[in-house]
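Asker: what's the 3D shape of this:
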Amino acid sequence: MKIIKKILLLLLIIFIIAQFFGPEKNAGDLVSIEAFFKETNPPEDVKIILKESCFDCHSDFTRYPWYNHITPVNYWLADHIKHGKKHFNVSNWEGNSAKRKDHKFEELIEMVEDRSMPLNSYTWTHTEAKLTDAQIATIVDWAKQVRFKYSLEPKPE
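Answerer: As a prediction, this is how the structure comes out:
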């Protein structure tokens, strides 16, 4: 029994020390998203949906919840954000080709329609981010219009 108490005490000490360390946070602001908004021209209702359901993981602007101050949860969240930005990052939108932008919107449509985005693990704690059928239709309609715009752009030879 004494060994179990020592192990638990050691684990508690490690947990307390770990609280002084954490991953780097996104330091961006909504200005980093302006180029994306300007180019894709979303209506106001789409902007609201994007801000509530997408930008925390798919931009340099993240609204961190209170539990992000707890290690190891903060590392788990940082990993989600890192992967989200790797696949679709609106903060570096200008650096992408029209072909890539079109492909990203194709993926956006697919993932929103099949409800794999936003992630369930995100909507558990951000219930406002869960999309209704009407919101999904709104996002998909807008994304299809954006894809059409990209299809009209000349392709590099």
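Asker: so Asp102 is in which element?
Answerer: helix 98-113 (DSSP states H and E).
Asker: average pLDDT for that helix?
Answerer: Regarding helix 98-113, the rounded mean pLDDT is 91.
Asker: for this protein, just list every one of the helices.
Answerer: For the chain, the helices defined by DSSP state H occupy 2-18, 34-40, 44-53, 55-58, 73-87, 98-113, 120-123, 133-152.
Asker: Lys130: what's it in contact with?
Answerer: Listed by Cβ atoms under 8 Å, 6 or more residues apart in numbering, the contact set of Lys130 reads Ser53, Pro118, Thr123. For the C-beta atoms, the positions are set from N, CA and C on the backbone; glycine is no exception.
Asker: returning to what we had before: angle of the helix holding Asp102 against helix 133-152?
Answerer: 160 degrees (axes from the mean of the first three to the mean of the last three Cα atoms, to 10 degrees).
Asker: quick one: contacts of helix 98-113?
Answerer: With Cβ under 8 Å, 6+ apart as the contact definition, helix 98-113 has outside contacts at 87-88, 93, 96, 117, 131, 136, 139-140, 143-144, 146-147, 150-151, 153, 155.
Asker: ditto for stretch 50-65
Answerer: Taking contacts as Cβ under 8 Å, 6+ apart, the residues outside stretch 50-65 that touch it are 25-30, 32-33, 36, 42, 77, 80-81, 83-85, 87-91, 117-119, 122, 125-126, 128-131.
Asker: what residues sit buried inside that stretch?
Answerer: By 16 or more other Cβ atoms under 10 Å, the buried positions in stretch 50-65 come out as 50-62.
Asker: what's the distance between Trp124 and Val112?
Answerer: Distance of Trp124 to Val112, given as Cβ to Cβ, to the nearest Å: 18 Å.
Asker: so who does Gly84 touch?
Answerer: Contacts of Gly84 by Cβ under 8 Å, 6+ apart are Cys57, His58.
Asker: Phe15 versus that one, what's the distance?
Answerer: Counting by Cβ to Cβ, the gap from Gly84 to Phe15 is 27 Å.
Asker: just want the most central residue of the protein.
Answerer: Nearest residue to the geometric centre of the chain (Cα atoms, centre = their mean): Cys57, 1.8 Å.
Asker: check the gap between that residue and Asn41 for me.
Answerer: Going from Cys57 to Asn41 by Cβ to Cβ gives 22 Å.
Asker: done for today, thanks.
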